[in-house]
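Engineer: model this:
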Amino acid sequence: MTSDPRSRLVGIAPPYLAGGPADYQEVLHLLRRDHGWFVTTHGHGVRALSPCGRVKIHEARWSTNGPALILSEEAPDSSLLWYATISRHTPVEFVLPAVAVLAAALRDGPQTPHSPPNGDAEVDFERWSPAPGWTVTFSGEDYQVHDPPDTLASFVLRRPGPGESSFPRQQEPGYSFFGGPEDSPHHWSAEFSPGSPPAVVAAMYRAVADPAPVVRRPAEVPPFHWPHATIVPLAAPAPARRIAAATRTTTAPPQPPTVKPAKEPAQSPARRRTR
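Structural biologist: Numbering: from 1, shown residues only. Okay, the predicted model is just below:
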């Protein structure tokens, strides 16, 4: 057997089937190294705090229940502006660009909240165009769903309803991502409250929809995902992950949809995948 480490690495496409890391230390390292965030360890996990003190990212490293990452931002009066959860098994390549965009926005305008105040969040379907190769598979008054051809991932938008709580932790997500076969114990999700910064959500959407393979060792790929994935042998040394692409901080706002909505299904798509 060859000792060449390249023989133990493969490219996995689409990336939403590649599996996630054991922890998100890479995300915390990026924030501390490139953006000057304060990272501390405590009994419940690891916390990253932005230099302006407004945004917190909590990694529940030693807990097996609940989300792996919790992101939140507070206004100057300490009221919560938005809230997001990222489940275990979410590929780190999707998390890195989202937090990089968030960190860059705080660095460029640390005293200016870039989210609407509580209760004023509006999820505008018209500003979201399906990613290349994806289509709008459902569009109703309250929900819109974007899917890739294999339907093994989804981007779901939801408008807040009348009388809904304005407290982000109590709101149903305004933006949700799901990935992996529904019967896989390694399926994953990322959910953002309606008031979450659209640029952060858009950065994750671009990463999820990027068809370029990501690099994994075979043991890191969930067994349930192998039958659905395309395996790309690596003929030359490659970085362990697409760090350069993931850490880009320039973003372009989503364009108006160009795909006509499909016929409305009988059931709401809000929880089409089990978290």
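Engineer: shaky segments in the stretch 151-275 of the chain?
Structural biologist: 235-275 (pLDDT under 70).
Engineer: Put the alpha carbons of stretch 154-169 into PDB.
Structural biologist: What follows is stretch 154-169, C-alpha atoms only, in PDB (Å, rounded to 0.1, in the frame of the first residue of the first chain):
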ATOM      1  CA  SER A 154     -32.900  22.800   0.200                       C
ATOM      2  CA  PHE A 155     -33.000  26.500   0.900                       C
ATOM      3  CA  VAL A 156     -36.300  27.500   2.500                       C
ATOM      4  CA  LEU A 157     -37.500  31.100   2.900                       C
ATOM      5  CA  ARG A 158     -40.400  31.900   5.300                       C
ATOM      6  CA  ARG A 159     -42.200  35.200   5.800                       C
ATOM      7  CA  PRO A 160     -43.100  35.900   9.500                       C
ATOM      8  CA  GLY A 161     -46.800  35.700  10.100                       C
ATOM      9  CA  PRO A 162     -49.200  38.200  11.700                       C
ATOM     10  CA  GLY A 163     -48.900  38.300  15.500                       C
ATOM     11  CA  GLU A 164     -45.800  36.200  15.500                       C
ATOM     12  CA  SER A 165     -43.300  36.800  18.400                       C
ATOM     13  CA  SER A 166     -40.700  39.400  17.600                       C
ATOM     14  CA  PHE A 167     -38.200  37.700  19.800                       C
ATOM     15  CA  PRO A 168     -35.600  36.000  17.500                       C
ATOM     16  CA  ARG A 169     -35.200  32.900  19.700                       C
END
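Engineer: which ones are touching Asp183?
Structural biologist: Phe224 (CB atoms under 8 Å, 6 or more residues apart in numbering). C-betas here are computed from N, CA, C, even on glycine.
Engineer: In the stretch 101-250 of the chain, what residue spans correspond to helices?
Structural biologist: Along the stretch 101-250 of the chain, counting by DSSP state H, counting those that start in this stretch, helices occupy 198-209, 243-246.
Engineer: just checking, what packs against the first one?
Structural biologist: Read it as helix 198-209. Applying 3 or more CB pairs under 8 Å, 6 or more residues apart in numbering; DSSP states H and E, one finds that helix 198-209 makes contact with helix 92-108, strand 153-158, strand 175-179, strand 188-192.
Engineer: In JSON lines: the ones you listed, plus distance to Ala199 and mean neighbour count.
Structural biologist: What follows is the helices and strands packed on helix 198-209, written out as JSON lines (distance: least, CB to CB, whole Å; neighbours: other CB atoms under 10 Å):
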{"stretch": "helix 92-108", "distance to Ala199": "5", "mean neighbour count": "23"}
{"stretch": "strand 153-158", "distance to Ala199": "15", "mean neighbour count": "23"}
{"stretch": "strand 175-179", "distance to Ala199": "12", "mean neighbour count": "26"}
{"stretch": "strand 188-192", "distance to Ala199": "12", "mean neighbour count": "24"}
